[in-house]
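Peer 1: need a structure here:
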Amino acid sequence: MSKHGKNTVKAREVKGTESQTYSLEEAASLIKKAHFAKFDESVDMDIRLGVNPKHSDQMVRGTIVLPHGTGKTKKICVIASGEKLKEAEEAGADYFGGDDIIEKITGGWIDFDIVIATPDVMRGVGKLGRILGTKGLMPNPKSGTVTFDIKKAVEETKAGKVEFRVDKSSIVHSTVGKVSFPEGKLVENMRTFLQAIVHAKPPAAKGKYVRTMFVSSTMGPSFRISEDVLES
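Peer 2: Predicted coordinates for the structure are as follows:
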């Protein structure tokens, strides 16, 4: 049996049965015990919701700043003009510019994880829709990435701000940390994300809203979270 195979067996032993559910504290502990990869795996949370995202009034989306960040440093690109470019630089943006950045992206450059733009340059940014839109990078006022408050937007992103949006399978997903995080910090991040999803429940959603919740690391098994956490 290969080393990878042995690790898979060990991970399954940690997980237990498929039907078993866990508290957030138990899941955080088990994720660390089932970690056998040689790199610091991301920890992801997937929540299946009782909504139909085909209907606009059942769309679930928003942003949240995780208390302990995601453990991943995001490369931020700011598109603005005038004094806002200086603000972007001082706030810690990785790239910033105006028409020069737009032209560079038009040429195929996408060495960044998020784009923040001021409203006055959105006419030019709008031309990048075909490039940025397909990768989920198009600035949007609802996610706070179209704003004149560049300093706040950049600093919140650096601090661990994440955007969530339900997909066509009615699942909303987010990275909530790294396996190397202390268990307490993983729990706080998971609880913060879950609370954000609950608060984002659209009025048009009927019946059971949160159907299932799973937490997993990049290479590890997934652990089903007990519905009891919704009452805590």
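
Peer 1: residue contacts, the most centrally placed residue in the chain?
Peer 2: Of all residues in the chain, the one closest to the mean position by CA atoms, centre = their mean is residue 174, 3.7 Å from it. Counting by CB atoms under 8 Å, 6 or more residues apart in numbering, residue 174 touches 44, 45, 162, 164, 193. (Each C-beta comes from the backbone N, C-alpha and C, glycine too.)

Peer 1: next, it: secondary structure please.
Peer 2: Recorded secondary structure, residue 174: strand (DSSP: H, G, I helix; E, B strand; the rest coil).

Peer 1: mind checking pLDDT for it?
Peer 2: Here, the pLDDT recorded for residue 174 equals 93.

Peer 1: go on, residue 22?
Peer 2: pLDDT for residue 22: 96.

Peer 1: who's in contact with it?
Peer 2: For residue 22, the contact set (CB under 8 Å, 6+ apart) comprises 30, 223, 224, 225, 226.

Peer 1: quick one, strands of the protein?
Peer 2: 21-22, 42-49, 61-65, 76-79, 95-97, 114-117, 161-165, 171-178, 210-217, 222-225 (DSSP state E).

Peer 1: for this structure, which helix or strand comes out least confident on mean pLDDT?
Peer 2: None of the helices or strands of the chain scores lower by mean pLDDT, DSSP states H and E than helix 3-15, at a mean of 52.

Peer 1: for the longest helix seen in the chain, packing partners?
Peer 2: The longest helix of the chain (DSSP state H) is helix 183-199. Packing partners of helix 183-199 (3 or more CB pairs under 8 Å, 6 or more residues apart in numbering; DSSP states H and E): helix 24-33, strand 42-49, strand 61-65, strand 161-165, strand 171-178, strand 210-217.

Peer 1: can you redo the ones you listed as TSV with distance to residue 230?
Peer 2: Compiled in TSV, these are given as follows (distance: least, CB to CB, whole Å):
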stretch	distance to residue 230
helix 24-33	11
strand 42-49	11
strand 61-65	17
strand 161-165	17
strand 171-178	15
strand 210-217	6
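
Peer 1: bridged to the residue nearest to the centre of the chain, which residues?
Peer 2: residue 45 (DSSP bridges).

Peer 1: if we can go back for a sec, which stretch among the helices and strands packed on helix 183-199 comes nearest residue 94?
Peer 2: Closest approach to residue 94 among the helices and strands packed on helix 183-199 is made by strand 161-165 (15.2 Å; CB to CB).

Peer 1: now do that closest one and helix 183-199, the angle between them.
Peer 2: Angle of strand 161-165 versus helix 183-199, following axes from the mean of the first three to the mean of the last three CA atoms, to 10 degrees, is 40 degrees.

Peer 1: and for strand 161-165, what are the contacting residues?
Peer 2: Strand 161-165 has contacts (CB under 8 Å, 6+ apart) with 59-66, 70, 143-144, 172-175, 193, 196-197, 200.

Peer 1: where in the protein is pLDDT low?
Peer 2: 1-18, 232 (pLDDT under 70).

Peer 1: buried ones among the contacts of strand 161-165?
Peer 2: Among the contacts of strand 161-165, those classed as buried by 16 or more other CB atoms under 10 Å are 60, 62-64, 66, 70, 143-144, 172-175, 193, 196-197, 200.

Peer 1: state the number of residues packed around the residue nearest to residue 168 when sequence neighbours are not counted.
Peer 2: Nearest non-adjacent residue to residue 168, counting by CB to CB, 6 or more residues apart in numbering: residue 53, 5.9 Å away. When neighbours are counted by other CB atoms under 10 Å, residue 53 registers 18.

Peer 1: residue 171 is in contact with residue 53, correct?
Peer 2: No. Under the criterion of CB atoms under 8 Å, residue 53 is not in contact with residue 171, lying 9.5 Å apart.
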